[in-house]
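Asker: Pasting the sequence and the predicted model now:
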Amino acid sequence: MKCTLCLVTLFLVAVLAYSYPAPEWTQQHLAVEVHAPRVKRDHICGVVQTGLMPSLNHEGCNSHCRFQGYKGGVCAGPSCQCVS
């Protein structure tokens, strides 16, 4: 009987400790990391390789536009210009 009462009491203490909310500073720390601003980079038209490797700018843009359902595309500055 005493053992059962001790186990039930221990279980209730564990449930209360687990359900107790975390401190506010911990929640703010997690929220800042989750909602940090992301850096937007255009990897399709921004890649210019010199030397022995050919430039993949127009080929990458063409593939990107074809994947989206267009007939093709070329680079127009830092972004792709898709042809419908």
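Answerer: The structure has been received and is ready for your questions.

Asker: got the contact list for C82?
Answerer: Neighbouring residues of C82 by CB atoms under 8 Å, 6 or more residues apart in numbering: 64-65, 68, 70, 72-73. C-beta: built from backbone N, CA, C; applies to glycine.

Asker: For it, what is the enclosing helix or strand?
Answerer: strand 79-83 (DSSP states H and E).

Asker: In stretch 13-21, which residues are buried?
Answerer: Within stretch 13-21, no residue counts as buried by 16 or more other CB atoms under 10 Å.

Asker: What's the mean pLDDT across it?
Answerer: In this model, stretch 13-21 has a mean pLDDT of 81.

Asker: Point out where this structure drops to low pLDDT.
Answerer: Along the chain, the model assigns pLDDT under 70 to residues 22-58.

Asker: which of the contacts of C82 lies closest to L16?
Answerer: Q68 (53.5 Å; CB to CB).

Asker: biggest helix in the protein by residues?
Answerer: Assignment by DSSP state H gives helix 2-19 as the longest helix of the chain.

Asker: For that helix, output the C-alpha coordinates as CSV.
Answerer: Only the C-alpha atoms of helix 2-19 are listed here, as CSV (Å, rounded to 0.1, in the frame of the first residue of the first chain):
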residue,chain,number,x,y,z
LYS,A,2,2.8,2.4,0.9
CYS,A,3,4.7,1.6,-2.2
THR,A,4,1.6,2.2,-4.4
LEU,A,5,1.0,5.5,-2.7
CYS,A,6,4.6,6.6,-3.2
LEU,A,7,4.5,5.6,-6.9
VAL,A,8,1.3,7.5,-7.5
THR,A,9,2.7,10.6,-5.7
LEU,A,10,5.9,10.4,-7.7
PHE,A,11,3.9,10.1,-10.9
LEU,A,12,1.8,13.2,-10.0
VAL,A,13,4.9,15.2,-9.2
ALA,A,14,6.5,14.2,-12.5
VAL,A,15,3.3,15.2,-14.4
LEU,A,16,3.1,18.6,-12.7
ALA,A,17,6.8,19.2,-13.3
TYR,A,18,6.5,18.3,-17.0
SER,A,19,3.4,20.4,-17.5
